[in-house]
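*Asks:* Here is my input, please return the structure:
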Amino acid sequence: MNIKDIKVTYRSEGPNIKWSYLKKLHPAIPTIWAVINFIEQAFGTIVRGKKHTIPSTEKDITKLRQSYADSKIHETRPGRVQRATEKANDVNHLGIQQLSVGRFWATWNHDHGFKRSLREEWTKSNPETETSGSAESPSGGGASPDEGAA
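*Replies:* Down below sits the predicted model:
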């Protein structure tokens with residue numbers, strides 16, 4: 001146990017922790033470590049390393065794959081019966097069903113199904129073209145007489 005454990009690992013108040021709180025927390029840190037180690041061994045959770053070394057992605061992935069292979073959670077076991085309470089909901093099917101049967105489309109059409117204008121209104125944003133007195137082309141562009149002389 002060290003200051004890092006107190007101020008960083010269990011940073012309930014960060015690096016500016018008060019000494020009174022530090023005195024209160026200090027005796028619990030070995031217990032917290034014991035619980036973490038017990039959970040790690042009991043459930044085989046993969047957590048960050050406990051050493052100051054450069055992380056190795058290959059080793060971490062190998063360890064994760066080995067953990068999945070050892071747990072055999074992705075293998076079918078004969079004789080095991082799945083209860084209705086264990087079955088996961090098919091969220092894609094339920095969502096599509098709600099879209100097609102529910103009030104979604106009626107509400108959407110009500111909120112979005114109105115006529116819209118096709119007329120486009122353009123405003124001049126350049127104050128220089130508004131006062132220049134140049135002739136505008138029929139398309140609405142502000143072409144000057146010099147541009148068309150080429």
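*Asks:* Where does the prediction get shaky in the chain?
*Replies:* 1-15, 44-52, 126-150 (pLDDT under 70).
*Asks:* Strands along that one, start to end?
*Replies:* In order along the chain, the chain carries no strands (DSSP state E).
*Asks:* just the helices in it please.
*Replies:* 3-4, 19-25, 29-43, 57-71, 91-101, 104-112, 127-131 (DSSP state H).
*Asks:* could those be laid out in CSV, adding distance to R77 and mean neighbour count?
*Replies:* Every C-beta, even on glycine, is put in place using the N, C-alpha and C of the backbone. Below are these laid out as CSV (distance: least, Cβ to Cβ, whole Å; neighbours: other Cβ atoms under 10 Å):
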stretch, distance to R77, mean neighbour count
helix 3-4, 44, 10
helix 19-25, 45, 11
helix 29-43, 20, 11
helix 57-71, 12, 11
helix 91-101, 25, 10
helix 104-112, 40, 10
helix 127-131, 78, 10
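*Asks:* got CSV for those helices, with distance to E121 too?
*Replies:* Listed next are the helices of the chain as CSV, based on distance: least, Cβ to Cβ, whole Å:
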stretch, distance to E121
helix 3-4, 65
helix 19-25, 64
helix 29-43, 65
helix 57-71, 57
helix 91-101, 36
helix 104-112, 22
helix 127-131, 16
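*Asks:* nearest to P78, of those helices?
*Replies:* helix 57-71 (17.8 Å; Cβ to Cβ).
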